[in-house]
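S.K.: Provided below are the primary sequence and the corresponding predicted coordinates.
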Amino acid sequence: MADAITTPAAAAADWRDELRRQAELLGLRQAAKEIGFSPTTVAQVLAGRYTGDSNGVRRAVEGLFLGVMIPCPALGFEIRGDQCRSFQVMTPERAAVSGNLQINRTCSSCPHRRSAGKAPAEGGTRDGR
């Protein structure tokens, strides 16, 4: 049964701890590759020195390693945060070739989309992992 993340502080601690654990388990480079960020970004996030918006890193870690699910209006069901992010960065050309053009179009106006200077909408559930 899925339970909602109730406190942002607890969620913040969870994803950073999990990222640290994965970096120790897989190595920094591989953990960074898995979530789609550079090793430098991951190292800075883990050291607490990342000056950018770490929300994208959080969403990737929560989706891939912690199983946080996000309601996808394009698909009509929940997907992992890392899957949501992959749809967001997909070009229209690639979406057309892969059969995901409608998802790509819907994604551009989705409240979970990360746009310049604005974090995606909060909210998600754990899938029981």
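M.R.: Good, I have the coordinates.
S.K.: Show me this protein divided up by domain.
M.R.: Domains of the chain are assigned by automatic domain parsing as 8-67, 68-115.
S.K.: Centre of the chain to the shortest one, how far?
M.R.: It stands for domain 68-115. Averaging C-alpha positions (CA atoms, centre = their mean, to the nearest Å) puts domain 68-115 12 Å from its chain's average.
S.K.: pLDDT on it, on average?
M.R.: Regarding domain 68-115, the rounded mean pLDDT is 80.
S.K.: ok, back up a step: got a markdown table for the domains of the chain, with mean neighbour count too?
M.R.: Bear in mind the C-beta positions are built from the backbone N, C-alpha and C, glycine included. Converted to a markdown table, the domains of the chain look like this (neighbours: other CB atoms under 10 Å):
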| stretch | mean neighbour count |
| --- | --- |
| domain 8-67 | 16 |
| domain 68-115 | 16 |
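S.K.: how about the strands in the chain?
M.R.: 68-72, 77-80, 125-126 (DSSP state E).
S.K.: so can I have TSV of those strands showing distance to Ser108?
M.R.: Converted to TSV, those look like this (distance: least, CB to CB, whole Å):
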stretch	distance to Ser108
strand 68-72	13
strand 77-80	16
strand 125-126	24
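S.K.: Could you work out which of those strands reaches nearest to Gln44?
M.R.: When the strands of the chain are compared by CB to CB, strand 68-72 sits nearest Gln44, at 22.1 Å.
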